[in-house]
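A.B. asks: just a sequence and a predicted model for now, questions to come.
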Amino acid sequence: MNLDLKDKVVVITGPAKGMGRAVTLAFAREGAHLVLAGRDTAAIDDVAAELNAMNTEVLVVSCDITRSEQAERLAKETLARFDRIDVLVNVAGGSGPIGKTGWETTQAEFDDIVQLNMTGCFNTMRAVMPAMIERCAGKIVNVGGTFGMRGRAGRMAYSASKWGLRGITKSFALEAGSYGINVNCVAPGMVDGPRFRDKVCANMADKLGISPEEAAIRHAEDYALKRVSTDNDIANACLFLASDVARQITGVDLPVDGGWALL
């Protein structure tokens, strides 16, 4: 299937590693022009080098998405280089405290993750919207999480931030629909990688006195398909929602979780 993403201008936040890197490379393989945004541009160097080897046109922008003025500068630099913004993919985010109850979570921990996972996405969405409205076209894909659909004990702050992102996504979708702009949310479950192995599995292993590998297996058993998602699973969902194949889909949460949110 041709997703017709060649030469589209795609802004990606959090592109350096994990899901962000997979999303970045997936769009590059489709022939898109890429704008990669992150606080630490040095961390983006490796993926930028891969893109250069693929002959992908790429712009790297230093941007703290929790700062509205920096998100606005990101949009301005993109427009100065490419004259339009076709797609925004908000991957940047954090996990917040793991294994803490709501009453053990500090206000600082709660504020930090809400600021990153909610306010950060709001800032970038708000910044690119005028350019998309002017052209009456655009796709926004936010990477949320299934803990923002069902909740999760020990992950209250993260869950709250992803529930909030769903509300932002749906409201923007309703407001921007008349301008031909689609706004959707990909909701990963557990995604295999360093964060999953070193934090989530390690936390379960410590609590239950089992190995991290046994913890990973226990997580997989929670899912209908009995397997944990990969970065590429998330990337493929982002490609779909950023393409005109999904032209009639907006305001949705798309779980990519092997069947956990439905259980």
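C.D. replies: Great, that's in hand.
A.B. asks: list the buried ones in stretch 74-89?
C.D. replies: 74-75, 77-79, 82, 85-89 (16 or more other C-beta atoms under 10 Å). Heads up, the C-betas are built off the backbone N, CA and C, glycines and all.
A.B. asks: for stretch 245-254, same thing?
C.D. replies: 246, 250-254.
A.B. asks: now, which of those lie within strands?
C.D. replies: 253-254 (DSSP state E).
A.B. asks: reformat the buried residues of stretch 245-254 as CSV; add distance to S62.
C.D. replies: Shown next, in CSV, are those (distance: C-beta to C-beta, whole Å):
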residue, distance to S62
A246, 31
T250, 31
G251, 32
V252, 32
D253, 31
L254, 30
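A.B. asks: and the helices in this protein?
C.D. replies: Secondary structure of the chain (DSSP state H): helices at 18-29, 45-53, 68-82, 107-114, 120-135, 147-150, 156-176, 194-195, 202-208, 212-221, 231-242.
A.B. asks: will you turn the ones you listed into JSON lines that also has distance to D7?
C.D. replies: Output for the helices of the chain, formatted as JSON lines (distance: least, C-beta to C-beta, whole Å):
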{"stretch": "helix 18-29", "distance to D7": "11"}
{"stretch": "helix 45-53", "distance to D7": "15"}
{"stretch": "helix 68-82", "distance to D7": "10"}
{"stretch": "helix 107-114", "distance to D7": "36"}
{"stretch": "helix 120-135", "distance to D7": "15"}
{"stretch": "helix 147-150", "distance to D7": "33"}
{"stretch": "helix 156-176", "distance to D7": "23"}
{"stretch": "helix 194-195", "distance to D7": "33"}
{"stretch": "helix 202-208", "distance to D7": "43"}
{"stretch": "helix 212-221", "distance to D7": "39"}
{"stretch": "helix 231-242", "distance to D7": "13"}
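A.B. asks: show me where the stretch 1-150 of the chain dips below the pLDDT cut-off.
C.D. replies: Residue ranges of the stretch 1-150 of the chain with pLDDT under 70: 1.
A.B. asks: is it true that G14 touches G94?
C.D. replies: No. Proximity of G14 to G94 does not meet the contact threshold set by C-beta atoms under 8 Å, at 9.5 Å.
A.B. asks: need the contact list for L5.
C.D. replies: Shown in contact with L5 (C-beta atoms under 8 Å, 6 or more residues apart in numbering): 27, 30-32, 87, 239, 242-243.
A.B. asks: again, 7 Å this time
C.D. replies: By C-beta atoms under 7 Å, 6 or more residues apart in numbering, the contact list for L5 reads 27, 30-32, 239, 242-243.
A.B. asks: picking that back up, redo the buried residues of stretch 245-254 as CSV? Include pLDDT.
C.D. replies: Shown next, in CSV, are the buried residues of stretch 245-254 (pLDDT from 0 to 100):
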residue, pLDDT
A246, 97
T250, 98
G251, 98
V252, 97
D253, 95
L254, 96
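A.B. asks: between the buried residues of stretch 245-254, which is nearest I217?
C.D. replies: L254 (25.8 Å; C-beta to C-beta).
A.B. asks: any idea how far V60 is from A160?
C.D. replies: The gap separating V60 from A160 is 32 Å, by C-beta to C-beta, to the nearest Å.
A.B. asks: wait, R150 sits on A261?
C.D. replies: Yes. Using C-beta atoms under 7 Å, R150 is in contact with A261, at 5.8 Å.
A.B. asks: okay, now the domains of this structure?
C.D. replies: 9-189+230-256, 192-228 (automatic domain parsing).
A.B. asks: ends of the first one, what's the gap?
C.D. replies: Using C-alpha to C-alpha, to the nearest Å, the gap from the first to the last residue of domain 9-189+230-256 comes to 25 Å.
A.B. asks: buried residues in stretch 131-149?
C.D. replies: Buried, per 16+ other C-beta under 10 Å, within stretch 131-149: 131-132, 137-149.
A.B. asks: from what I can see T13 touches G93, true?
C.D. replies: No. Using C-beta under 7 Å, T13 makes no contact with G93, being 8.6 Å away.
A.B. asks: with neighbour numbers in mind, choose between those two.
C.D. replies: Neighbour count, other C-beta atoms under 10 Å: between T13 and G93, T13 has more, with 28 against 25.
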